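Participant: build me a structure from this.
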Amino acid sequence: MSAPRRIAFLLLERYSLLCLAYAREALRAADQWLGGRSIESLLLSREGRPALSASGEALHVHAALGAAPPALDALVVVAEQPPEAGEHDFIDAQLNPLVHAVLRRQGRLIGLGCGVAWFARSGALDGRRVAVPALHAPALASLRPAAIVSRRSHEMDAALLSASTGAGTLALMLAWIESEHGEACARAIKRQFGSEAGSGDSGKAAAVPSSGLRSSKLEEALSLMSANLGEPLSTEDIAGLVGVSRRQLERLFKQHLDTLPARWYLEQRLERARRLLIEGSQSILQIGLSCGFTSGAHFSNAYRQHYGHTPREERSARAEAWRALAEPLRGRKEPSTP
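Facilitator: Numbers count the residues shown, from 1 in each chain. Sure thing, here's the model as predicted:
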């Protein structure tokens, strides 16, 4: 019997619990389909302390990053933000040695949320397509200009895999599992997830500016919008703040993102609301107001037009599935990996 594939998840501050749950549940289902004991996963944090997610969940981990076994078949970084300049020592001293060890074993590097940006200093992103949240695409392009920032929610490019959203994570894991274990295995897992497994990209590109065609005015506008999701600015106000006319701003959005400023802004607010509905505990009205909608009805109508169902239906339909995904992760320390 061959040795099990060993996969480590590094959980960095305020990571997405949804991305983690989708990834680990897909691997668990694959292991079950393969007869068990074929895939081992372990959780890591910087210093071995419980890792706090974006939704406030503190998960126990197996070990600190520095104590991770070097013989890994895949290293998964789950992060909500790209690294800041002060993180370079941590990356060079602790993360990159493990990154290079994985690559020497012809393993896989996987970034979820903004996790792929943490591989940038290793050189692993150079010439590779990577998926990151639209908000952080300009930062990654500046951090590693040789990386090719994708418009999709997930990418598989040689040894580098990445997903920018929870749905993209599930789509990525299914694609990876199919490449490793065959179509029958991936199809069986997809049936377990039902409609969730079809919500990754749907062939539609995410609105991410091309790293080679960035505009400083566009980046300023994107930053302003992302910083004001709760109290949306008008298109005229945004144009004035970045020093262009409304028409010029609309041309920039059309050229680089193939959409209009108001549409992109609304989609970011709805995306944030959807994540809060899935991961948070606030009421639907509180979430709507915090994402810049003026009333419950305004929020519900905009949500239904974009996603095809109301926020209440979203939360109700996902409640059972979410508990099934997250329960194995909550406050439970798994057996140590030898």
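Participant: thought A131 was touching D157?
Facilitator: No - A131 is not in contact with D157 according to CB atoms under 8 Å; the separation is 9.7 Å. For the C-beta atoms, the positions are set from N, CA and C on the backbone; glycine is no exception.
Participant: what about those two, which has more around it?
Facilitator: Neighbour tally, A131 and D157, criterion other CB atoms under 10 Å: the higher count belongs to A131, 29 against 15.
Participant: what's the distance between the more buried one and H181?
Facilitator: For A131, the distance to H181 under the criterion CB to CB, to the nearest Å works out to 22 Å.
Participant: what of R108?
Facilitator: According to CB to CB, R108 and H181 sit 14 Å apart.
Participant: do L277 as well
Facilitator: 32 Å.
Participant: what's the answer for A137, then?
Facilitator: For A137, the distance to H181 under the criterion CB to CB works out to 32 Å.
Participant: looking at those two, which is more packed in?
Facilitator: The neighbour comparison of A137 against H181 (other CB under 10 Å) goes to A137, with 29 against 19.
Participant: for the more buried one, phi and psi?
Facilitator: With angles defined as degrees, to the nearest 10, A137 shows backbone torsions of phi -60, psi -50.
Participant: was I right about it contacting R151?
Facilitator: No - at 9.1 Å, A137 and R151 do not qualify as touching, with contact defined as CB under 8 Å.
Participant: which residue is nearest the middle of this protein?
Facilitator: What sits nearest the mean C-alpha location of the chain, by CA atoms, centre = their mean, is G113, with 2.2 Å.
Participant: isn't F193 right up against M173?
Facilitator: No - checked against CB under 8 Å, the pair F193 and M173 is beyond contact range at 9.8 Å.
Participant: looking at the two now, which is surrounded by more residues?
Facilitator: With other CB under 10 Å as the criterion, F193 and M173 differ in neighbour count, and M173 comes out ahead with 30 against 19.
Participant: contacting residues for that one?
Facilitator: 22-23, 26-27 (CB atoms under 8 Å, 6 or more residues apart in numbering).
Participant: and of the residues you listed, the nearest to E313?
Facilitator: Sorting these by distance to E313 puts Y22 at the head of the list, at 20.2 Å, by CB to CB.
Participant: I figured the closest one hits A171, correct?
Facilitator: No - with contact defined as CB under 8 Å, Y22 does not reach A171; the gap is 9.2 Å.
Participant: just say helix, strand or coil for L42.
Facilitator: In terms of secondary structure, L42 is strand; the call rests on DSSP: H, G, I helix; E, B strand; the rest coil.
Participant: who are the contact partners of it?
Facilitator: Listed by CB under 8 Å, 6+ apart, the contact set of L42 reads 6-9, 61-63, 68, 334, 337.
Participant: quickly list the domain ranges of this structure.
Facilitator: In terms of domains, the chain is parsed into 5-206, 216-322 (source: automatic domain parsing).
Participant: mean pLDDT added to these, as CSV?
Facilitator: Output for these, formatted as CSV (pLDDT from 0 to 100):
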stretch, mean pLDDT
domain 5-206, 89
domain 216-322, 87
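Participant: point out the most buried one among the ones you listed.
Facilitator: domain 5-206 (a mean of 20; mean count of other CB atoms under 10 Å).
Participant: the closest residue to A188 other than its chain neighbours and S41: what is the separation?
Facilitator: In space, and not counting its chain neighbours, A188 is closest to W33: 5.3 Å by CB to CB, 6 or more residues apart in numbering. Counting by CB to CB, the gap between W33 and S41 amounts to 15 Å.
Participant: how about the strands in the stretch 151-300 of the chain?
Facilitator: For the stretch 151-300 of the chain, the strands defined by DSSP state E, counting those that start in this stretch occupy 154-157, 160-163.
Participant: and the last one, which strands flank it?
Facilitator: Neighbouring strands of strand 160-163 in its sheet, by DSSP bridges, are strand 108-113 (parallel), strand 154-157 (antiparallel).
Participant: same list (the ones you listed) but as a markdown table, adding distance to R263.
Facilitator: Written out in a markdown table, the entries for the strands paired with strand 160-163 read as follows (distance: least, CB to CB, whole Å):
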| stretch | distance to R263 |
| --- | --- |
| strand 108-113 | 23 |
| strand 154-157 | 23 |
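Participant: among these, which is nearest L266?
Facilitator: For L266, the closest of the strands paired with strand 160-163 is strand 108-113, at 21.8 Å, according to CB to CB.
Participant: thought A68 was touching S45?
Facilitator: No - the pair A68 and S45 does not pass the contact test of CB under 8 Å, sitting 10.6 Å apart.
Participant: on that earlier part again, among the strands of the stretch 151-300 of the chain, which is nearest G308?
Facilitator: Comparing these by CB to CB, strand 154-157 comes nearest, at 21.2 Å.
Participant: give me the residues contacting the closest one.
Facilitator: With CB under 8 Å, 6+ apart as the contact definition, strand 154-157 has outside contacts at 128-131, 161-164, 168-169, 171-172, 175-176, 179, 200-201.
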